[in-house]
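Undergrad: model this:
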Amino acid sequence: MKVVVKKKDNSIPLEITTEFIKLQDAMKFANAVYSGGEAKVLIQEGQVQVNGEVCTMRGKKLRPGDTFCFNGVVYAVTQKA
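TA: I've put the predicted structure just below:
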């Protein structure tokens, strides 16, 4: 007998209407930070993960299917239909 454990997806969807969104803009759009300046500092300090890896590029382009994690909260970028 094979046992399959499914990970529960507790990510918060972040719907965009464009091809991509920059990481610092995504953080502001998700209300994870109050300002772009705050996002810049947090990203450069290595406090944000993109797709499970620490990212220090505030201009990192996120596309639908990408995720970012800040303060233990995971946000999933999706395309608005």
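Undergrad: okay, CA-based contacts and neighbour counts for the rest of this
TA: Fine.
Undergrad: any idea which residue sits dead centre in the protein?
TA: residue 68 (2.3 Å; Cα atoms, centre = their mean).
Undergrad: how about it, nearest residue that isn't a chain neighbour?
TA: residue 50 (4.3 Å; Cα to Cα, 6 or more residues apart in numbering).
Undergrad: what about that neighbour, how many neighbours?
TA: 20 (other Cα atoms under 10 Å).
Undergrad: who does it form a beta bridge with?
TA: Beta-bridge pairing for residue 50 (DSSP bridges): residue 53, residue 68.
Undergrad: which residues of the chain fall in helices?
TA: In the chain, the segments counted as helices under DSSP state H are 23-29, 36-44.
Undergrad: any chance of these in a markdown table, plus distance to residue 58 and mean pLDDT?
TA: Formatted as a markdown table, those follow (distance: least, Cα to Cα, whole Å; pLDDT from 0 to 100):
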| stretch | distance to residue 58 | mean pLDDT |
| --- | --- | --- |
| helix 23-29 | 5 | 96 |
| helix 36-44 | 6 | 95 |
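Undergrad: and among these, the most buried is which?
TA: Comparing the helices of the chain by mean neighbour count (mean count of other Cα atoms under 10 Å), helix 23-29 ranks first with a mean of 22.
Undergrad: just the CA coordinates for that helix, please, in PDB.
TA: Output of helix 23-29 as PDB, limited to C-alpha atoms (Å, rounded to 0.1, in the frame of the first residue of the first chain):
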ATOM      1  CA  LEU A  23       9.100  41.800  -6.200                       C
ATOM      2  CA  GLN A  24       9.000  45.100  -4.300                       C
ATOM      3  CA  ASP A  25       5.800  46.100  -6.100                       C
ATOM      4  CA  ALA A  26       4.300  42.700  -5.300                       C
ATOM      5  CA  MET A  27       5.100  43.200  -1.700                       C
ATOM      6  CA  LYS A  28       3.300  46.500  -1.700                       C
ATOM      7  CA  PHE A  29       0.400  45.200  -3.700                       C
END
